[in-house]
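Participant: Give the three-dimensional model of this entry:
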Amino acid sequence: MRITVGPPDRLARLIGGAMLAVLPVLSGLPAFADLLRMGTAVLPGAVSMATAAPRLCPISSVFGLSTCKVSNR
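Facilitator: Numbers count the residues shown, from 1 in each chain. This is a model prediction of the structure:
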């Protein structure tokens, strides 16, 4: 498996994804009162964290992009 997510990108995905996944659920803001609106924030957050964990982004792989500076295995 080719690694396409480097350390800074991985950290940004984990922090940003966690914020997107947790903020709508815990904030109580009226903007997220609707389940559809909440899902539009939670889903991208979950996807972001899911691509950070294995350090693999399918979209980057398709386009041949990589933010990883070390040699790929």
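Participant: Could you give the number of residues near the nearest residue to P54 once chain neighbours are set aside?
Facilitator: In this structure, P54 finds its nearest non-sequential neighbour in M1, 7.5 Å apart by Cβ to Cβ, 6 or more residues apart in numbering. In this view, the C-beta of every residue, glycine as well, is placed from N, C-alpha and C. For M1, the neighbour count with other Cβ atoms under 10 Å is 9.
Participant: Then V47?
Facilitator: Close neighbours of V47, defined as other Cβ under 10 Å, add up to 16.
Participant: where's the spatially closest residue to it that is not a sequence neighbour, which helix or strand?
Facilitator: Nearest non-adjacent residue to V47, counting by Cβ to Cβ, 6+ apart: G17, 7.5 Å away. Using DSSP states H and E, G17 maps to helix 7-27.
Participant: Report the central residue of this structure.
Facilitator: S48 (1.1 Å; Cα atoms, centre = their mean).
Participant: So which elements touch the helix or strand where that residue lies?
Facilitator: Using DSSP H and E, S48 maps to helix 35-52. Counting contacts by 3 or more Cβ pairs under 8 Å, 6 or more residues apart in numbering; DSSP states H and E, helix 35-52 is packed against helix 7-27.
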